[in-house]
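K.L.:
how would this look folded up:
(one chain, ligands or ions: 3)
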Amino acid sequence: MNSDRVKTLALDFGFASVGIGPSVPKRPEAHHAWIEAGCHGEMAWMESHRDVAADPDLVLPGAVRAICVLDRYPGSGPEEVPPRFGRIARYARGKDYHVHTLKRLQRFGEQLSSDFPDGAFRACVDTVPLLERDLASSAGLGRIGKHTLLIEPAKGSWAVLGVLLTTVPFEMDAPLDEDPCGTCSRCIEACPTDAIEPWKVDARLCISYLTLEHRSAIPAKLHEGLGDWLAGCDICQEVCPHNQPTAARAKTSHAEALKPDRQGFDLLEVLGWSEDDRRAAFQGSALKRVKYEALRRNALILLTNQVCQGDQEAKTVLLAQLELIEQSTTVSEVLRETVRVCRLRIQ
Ligand code: B12
Ligand code: SF4
Ligand code: SF4
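P.N.:
Ligands and ions are numbered 1, 2, ... in the order given. Model (predicted):
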């Protein structure tokens, strides 16, 4: 089936790029081994839904193609921040892509349904455990780097992905040749918690997972590595040579919506927030999945990092916060354990 209509329509809906590939992933066994090794940590849904990753038929019966799209967002090299500041990853600085990208992908699917009434379409943006990067690379959108992210030629990896599964056998795009890295290992060397092996990230060590997904206390040996990342982490992308600014990158569709309107938050303010303050600050952003307790846990660790780097002003505030938490009768085990480690580190 000719795919011209799909391509035109995807661009009309504002996606920066589109490619069509098979609906089945190329390397389901790598995903299986990753789960078996426990690399998913506390993301139990990944284990319970692991069959879905290998078999998109479970998501859309009769699926034969994955129409893969992406929305780019602005990135940069390492950035300067004020003291006592917690950074948030760039993908989460603008509108929540789980809503912004998904809604447009659903409308794109509805339009295709009326153009191809015999076909079925199902939009997924992180909403279903498909292997989105694997499918996007088979659809020719880019190549997977050693840090496991999808890298577009001449544009880099600052992008979020979406997949529209379909039963219509549209003609497919050719995948690009496989390895964008060669002998480079910058991301592996730069990762502060040693989470990356070539083409494998152990989520249990990744700051992004620890700050956003992990609900328990963060292991003491990883506290220092969090540096100033309050939610998410961009280090492996900041250092990647494919992410050097290019003229092509500057022209990003929907970059306005996913644009960084905030680099992060003042840690002292965050520690003073109520649950309502947190909700108001994270309204409409992908950060809303960082719950109140996890946010306080992260902020305490970051402030301790600052104190360990010699910030005496931060020490006074931190000690007051630690005392408050220690005296509280309602505080959770996670915060108690965090406080215990923070105290040990500043002694
Ligand atoms: C779980 C998850 C995480 C976990 C685990 C990350 C990981 N690397 O697996 C955590 C919480 C740590 C995380 C972090 C981030 N994530 Co995330 N995450 C996901 C999610 C929901 C599932 C990914 C998954 O299945 N992982 C399991 C592993 C086994 O899968 P995999 O790494 O893709 O495995 C494949 C490759 O390694 C490959 N492979 C294996 N060997 C070889 C060898 C060669 C030569 C090659 C080429 C390939 C290859 O085959 C494997 C199977 O397909 C996806 C959305 C989705 N449904 O796909 C988003 C997704 C991957 N995340 C995304 C983003 C933006 C991030 C962050 C950048 C956010 C941030 N700034 O904090 C970080 C980046 C960290 C990193 N370096 O990966 C984007 C990536 C966009 C892109 N350009 O690639 C996605 C696609 C969400 C989206 N819809 O846009 N994420
Ligand atoms: S996001 Fe940060 S912690 Fe995770 S793999 Fe990349 S550099 Fe390492
Ligand atoms: S930093 Fe180097 S090794 Fe890592 S993904 Fe980019 S090119 Fe590949």
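K.L.:
Tell me the buried residues in stretch 116-136?
P.N.:
Going by neighbour count (16 or more other Cβ atoms under 10 Å), the buried part of stretch 116-136 is 116, 119-126, 128-136. (C-beta placed from N, C-alpha, C; glycine too.)
K.L.:
tell me which residues in stretch 10-22 are buried?
P.N.:
By neighbour count on 16+ other Cβ under 10 Å, the buried set for stretch 10-22 is 10, 13, 15-22.
K.L.:
If you could redo that for stretch 202-209, that was the one I meant.
P.N.:
Neighbour counts using 16+ other Cβ under 10 Å place 202-209 of stretch 202-209 among the buried residues.
K.L.:
swap in stretch 56-72?
P.N.:
Residues of stretch 56-72 classed as buried by neighbour count (16+ other Cβ under 10 Å): 56, 59-60, 63-72.
K.L.:
what do you get for stretch 334-347?
P.N.:
334-335, 337-339, 341-342.
K.L.:
just stretch 160-180 next, same as before
P.N.:
Within stretch 160-180, the residues scored as buried using 16+ other Cβ under 10 Å are 160-168, 170, 172-173, 175-176, 180.
K.L.:
which one among those residues gets closest to Arg278?
P.N.:
Nearest to Arg278 among the buried residues of stretch 160-180 is Val160, at 23.3 Å by Cβ to Cβ.
K.L.:
Which parts of the stretch 201-347 of the chain are helices?
P.N.:
For the stretch 201-347 of the chain, applying DSSP state H, counting those that start in this stretch gives helices covering 207-212, 235-238, 247-250, 267-272, 275-282, 292-308, 312-327, 333-346.
K.L.:
now these as CSV including mean pLDDT and distance to Glu42?
P.N.:
As requested, those are exported to CSV (pLDDT from 0 to 100; distance: least, Cβ to Cβ, whole Å):
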stretch, mean pLDDT, distance to Glu42
helix 207-212, 98, 9
helix 235-238, 97, 21
helix 247-250, 58, 35
helix 267-272, 93, 23
helix 275-282, 92, 21
helix 292-308, 96, 11
helix 312-327, 91, 22
helix 333-346, 95, 12
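K.L.:
which residues touch the closest residue to Ala190 other than its chain neighbours?
P.N.:
Among residues not flanking Ala190 along the chain, Val239 sits closest, at 4.4 Å (Cβ to Cβ, 6 or more residues apart in numbering). Residues in contact with Val239, defined by Cβ atoms under 8 Å, 6 or more residues apart in numbering, are 77-78, 186-187, 190.
K.L.:
export the buried residues of stretch 202-209 to TSV and tack on distance to ligand 1?
P.N.:
As requested, these are exported to TSV (distance: Cβ to the nearest ligand atom, whole Å):
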residue	distance to ligand 1
Asp202	9
Ala203	4
Arg204	9
Leu205	9
Cys206	4
Ile207	7
Ser208	3
Tyr209	4
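K.L.:
And the closest residue to Arg278 other than its chain neighbours, how far from Trp34?
P.N.:
Leaving aside its sequence neighbours, Arg278 sits nearest to Tyr292 (Cβ to Cβ, 6+ apart; 5.2 Å). With distances taken as Cβ to Cβ, to the nearest Å, Tyr292 is found 30 Å from Trp34.
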